[in-house]
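> My questions are about this predicted structure, shown below with the sequence.
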Amino acid sequence: AILCLATDLKDLEKRLGDIIVAYRRDKSPVYARDLKADGAMAVLLKDAIQPNLVQTLENNPAFVHGGPFANIAHGCNSVVATTTALKLADYVVTEAGFGADLGAEKFFDIKCRKAGLHPAAAVIVATVRAMKMNGGVKKEDLGKENIEAVRKGCLNLGRHIENVHQFGVPVVVAINHFTTDTEAEIRALKDFVASMGADAILCKHWAQGSAGIEDLAHRVVKLAESGASQFSPLYPDEMPLFEKVNTIVKRIYRGDEAIADKAIRDQLHAWEQAGYGNLPVCMAKTQYSFSTDPNLRGAPTGHTVPVREVRLSAGAGFVVIICGEIMTMPGLPKAPSSEKIFLNEAGQIEGLF
């Protein structure tokens with residue numbers, strides 16, 4: 001997160017120095033710079049901060065740089081990659097992963113706020129399958145036509161559209177096409193999005209490459225050039241930390257409130273007193289629901305969001321709010337790749353691929 005939010009090497013070294021590694025007996029923080037570790041850490045990351053230039057199958061340039069997960073971190077690629085791309089291209093598309101209640105909210109409230117970015121348009125990616133799942137269909141039955149479930153599940157998509165609009169950014173919906181999608185299901189999805197005042201465009205890039213997504217590209221350009229974006233973050237810097245949490249819970253998750261015990265509220269207050277009250281909050285929450293219950297699909301309202309723990313990421317520059325049963329380490333396979341890596345008799349490495 002520190003690497004992804006740093007603007008240059010000097011800012012990276014400062015952020016690394018801001019890491020709190022311990023507390024003294026008088027509760028004052030010990031920073032990485034107090035241990036004179038910030039310079040050495042910056043040296044270790046001097047090459048890592050350079051964006052990785054790769055190319056698509058059709059030879060278009062792309063930066064792949066940083067990948068903090070949006071359900072446990074801020075979910076965006078690096079500020080350096082995005083700002084570099086903006087100097088090199090007419091249009092820059094950046095990914096903010098998972099649902100728009102996580103990826104988009106954090107892109108807007110954390111990355112854009114800190115980097116001074118002003119997005120011109122937003123693309124919400126949806127699938128007919130996801131609509132059916134949010135409409136109550138089991139995973140093994142998603143290949144069967146179910147127009148009513150699509151319509152029911154579209155309430156979830158509708159909320160994402162409303163949420164992005166709250167940031168003042170115009171929206172287009174990209175329907176990521178699957179071969180099992182039927183014309184009637186696609187029509188139901190398009191009709192719903194139209195009722196929300198937006199366009200939904202069928203995208204067949206998986207099968208056809210860029211030819212299958214030209215309509216979307218033209219629509220995004222039109223939106224971006226329209227000047228319709230009036231972007232602003234959801235909350236001001238000076239809002240108290242727990243109030244920021246409640247703002248997200250009420251306006252993005254449509255819950256009644258965030259609930260936290262006194263120790264957590266006292267910790268947030270202590271950080272405010274220490275000068276960290278102006279930081280944005282980074283919600284660690286399941287990506288499967290607007291609530292903290294991964295099984296509660298669709299567009300639930302009236303739920304509460306329990307805050308289990310809070311963590312200060314002083315270097316990255318945000319406060320992590322851990323909600324529900326979310327695990328804060330990435331999901332790993334049962335059998336790690338390392339179990340298959342070895343040196344053969346010729347001294348060559350096997351098992352990397």
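Thanks, I have it.

> Surely Met283 and Phe98 touch.
No: the criterion here is C-beta atoms under 8 Å, and Met283 misses it with Phe98 at 11.3 Å. All C-beta atoms are positioned from the backbone trio N, CA, C, and that covers glycine.

> how about the strands in this protein?
Applying DSSP state E to the chain gives strands spanning 20-23, 29-31, 52-55, 61-64, 122-126, 171-176, 199-203, 257-259, 281-284, 304-313, 318-323, 342-343, 349-350.

> can you list those in CSV and add distance to Lys106 and mean pLDDT?
Below are the strands of the chain laid out as CSV (distance: least, C-beta to C-beta, whole Å; pLDDT from 0 to 100):
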stretch, distance to Lys106, mean pLDDT
strand 20-23, 22, 96
strand 29-31, 25, 97
strand 52-55, 22, 94
strand 61-64, 19, 94
strand 122-126, 13, 97
strand 171-176, 17, 98
strand 199-203, 24, 97
strand 257-259, 16, 97
strand 281-284, 6, 97
strand 304-313, 12, 96
strand 318-323, 9, 97
strand 342-343, 40, 96
strand 349-350, 38, 95
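
> ok, and which of these has the densest surroundings?
Sort the strands of the chain by mean neighbour count, taking mean count of other C-beta atoms under 10 Å, and strand 281-284 sits at the top with a mean of 26.

> Can you spell out which helices and strands pack onto that strand?
The contact analysis (3 or more C-beta pairs under 8 Å, 6 or more residues apart in numbering; DSSP states H and E) places strand 281-284 against helix 103-106, helix 241-251, strand 318-323.

> if we go to 6 Å?
Judged by 3 or more C-beta pairs under 6 Å, 6 or more residues apart in numbering; DSSP states H and E, the packing partners of strand 281-284 are strand 318-323.

> which residues sit against the strand it packs on?
Under the contact criterion C-beta atoms under 6 Å, 6 or more residues apart in numbering, strand 318-323 has outside partners 110, 241, 245, 279-285, 292, 305, 307-313.

> Run me through the strand neighbours of it, direction for each.
strand 281-284 (parallel), strand 304-313 (antiparallel) (DSSP bridges).

> Of the ones you listed, which is nearest Ser232?
Smallest distance to Ser232 across these (C-beta to C-beta): 16.7 Å, for strand 281-284.

> Show residues contacting that closest one.
By C-beta under 6 Å, 6+ apart, the list of residues contacting strand 281-284 from outside reads 72, 74, 244-245, 318-322, 326, 328.

> out of those, what pair is the most spread apart?
Greatest spatial distance among the contacts of strand 281-284 (C-beta to C-beta): Lys244 and Thr328, at 19.3 Å.

> buried stuff in stretch 224-234?
224, 229, 234 (16 or more other C-beta atoms under 10 Å).

> Please flag which of these sit within helices.
Among these, the members found in helices (DSSP state H) are Ala224.

> Looking at the buried residues of stretch 224-234, which is nearest Ala32?
Once C-beta to C-beta is applied, the member of the buried residues of stretch 224-234 that ends up nearest Ala32 is Leu234, at 30.7 Å.
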